[in-house]
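>>> Give me a model of this one.
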Amino acid sequence: MQKEDYLPKDEFAELVFERIKSFGLRCMPLCDNLFTKTASAKNIAKQLIRSSSSSVANYRAVRRARSKNEFFAKISIVIEELDESLFWLEYSIDAKFYEDHKVRSLINEGNEILKILAKARKTVGLTIQKEKK
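Model prediction:
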């Protein structure tokens, strides 16, 4: 079990928010660096900054969900945007804009957050299904 497993719900949500926000902030200098390069690098930078900042903004909305169904829908958006951010980071390595070791810790953090969010979505999804029966 991780430390986060023992936190009250609000504290856990705040910790996840801080991790997603940190992830988004860590993407910014990478995007700024890419934006000064080729047209293809600029495109990746634009996509990465949109998806990483969107994951942060949408997680904030998750925390204000008024129902389990709304939570499920909103967290699904966060997962999609965060996964897209990871794609662009990996793609920037494939395109040789970054060396793997320079962005690996950021990719690892994004994957960890993704696992946490996917588990939360699965849990609420199962709860929604049980309530329908």
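>>> Residue 90: which element?
helix 68-94 (DSSP states H and E).
>>> Could you give the average pLDDT over that helix?
Averaging pLDDT along helix 68-94 gives 97.
>>> same check, this time on stretch 49-62
96.
>>> Could I get the buried residue list for whichever helix or strand residue 14 is part of?
Element membership for residue 14 (DSSP H and E) is helix 9-35. Buried residues in helix 9-35, counted by 16 or more other Cβ atoms under 10 Å: 12, 16, 19-21, 23-24, 27, 30-31, 34. For the C-beta atoms, the positions are set from N, CA and C on the backbone; glycine is no exception.
>>> Please report how far the residue positioned nearest the centre of the chain lies from residue 48.
In the chain, the centroid-proximal residue (Cα atoms, centre = their mean) is residue 82; its distance is 3.1 Å. The spacing between residue 82 and residue 48, counted by Cβ to Cβ, to the nearest Å, is 11 Å.
>>> With residue 74 instead?
On the measure of Cβ to Cβ, residue 74 and residue 48 end up 21 Å apart.
>>> which of these two has more neighbours?
residue 48 (24 against 19; other Cβ atoms under 10 Å).
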